[in-house]
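J.: Task: produce atomic coordinates for the following.
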Amino acid sequence: MKSILTALSLAAFFFAAAPAVQAKPAGDNQAAAKAAPKVFASPQKAGTKATCPVTGEEFTIAKDTVHAEYKGKHVYFCCAGCKGAFDKDPGKYTQSP
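T.: Residues are numbered from 1 along each chain as shown. Now for the predicted structure:
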C-alpha cells in the first residue's frame, strides 16, 4: 500500500512539474513579420534592432557590433563566430525564405 501511495505521489509531482504545451496564437505570424531585419540597405546606428542571419538571435546594434557588407547590403552579427560562418557562405544567409 505504501509503495502505491509513493508511486502515485511521484507521478502527481512529475505531472505537475512538466511544462505545459500550448498552441501558438495566429498573431505570432504577424510578430515574425515585424521581427528585426537580417540585412539593411544602409549602415545602421547604434541602438537599432537587428537579427543575426546565422543564429536568428535578435539583438541591438552597438558601436562595436561585428558587421559585413555583401552585395551592397549591410549585415550585422551577434558575435564574431557568426561572421566567420557568414564569410564562408554569405549567400546561404542572405536568401529570402
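
J.: Run through the residues that contact V66.
T.: Y76, F77, C79, A80, C82, K83 (C-beta atoms under 8 Å, 6 or more residues apart in numbering). Placement of C-beta: from N, CA and C, glycine included.

J.: Could you list the low-pLDDT ranges of the chain?
T.: 1-34, 96-97 (pLDDT under 70).

J.: Do you have the helices of it handy? List them.
T.: Applying DSSP state H to the chain gives helices spanning 2-17, 28-33, 80-88, 90-94.

J.: The last one: which residues count as buried?
T.: When you say that, I think you mean helix 90-94. Neighbour-count burial for helix 90-94 flags P90, Y93 (criterion: 16 or more other C-beta atoms under 10 Å).

J.: As PDB, could you dump the C-alpha coordinates of it?
T.: Presented in PDB, the C-alpha positions along helix 90-94 are these (Å, rounded to 0.1, in the frame of the first residue of the first chain):
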ATOM      1  CA  PRO A  90      27.200  34.500 -47.400                       C
ATOM      2  CA  GLY A  91      24.500  33.500 -50.000                       C
ATOM      3  CA  LYS A  92      23.200  30.900 -47.600                       C
ATOM      4  CA  TYR A  93      22.400  33.600 -45.000                       C
ATOM      5  CA  THR A  94      21.000  36.300 -47.200                       C
END
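
J.: Give me the contacts around it.
T.: Here helix 90-94 has contacts from K38, V39, P53, V54, A68, Y70, K71, K73, V75, A85, F86, using C-beta under 8 Å, 6+ apart.

J.: Name the nearest residue to Q44, ignoring sequence neighbours.
T.: In space, and not counting its chain neighbours, Q44 is closest to I61: 5.3 Å by C-beta to C-beta, 6 or more residues apart in numbering.

J.: Quick check: that neighbour vs K49, distance?
T.: Going from I61 to K49 by C-beta to C-beta, to the nearest Å gives 8 Å.

J.: Between those two, which has more neighbouring residues?
T.: I61 (19 against 13; other C-beta atoms under 10 Å).
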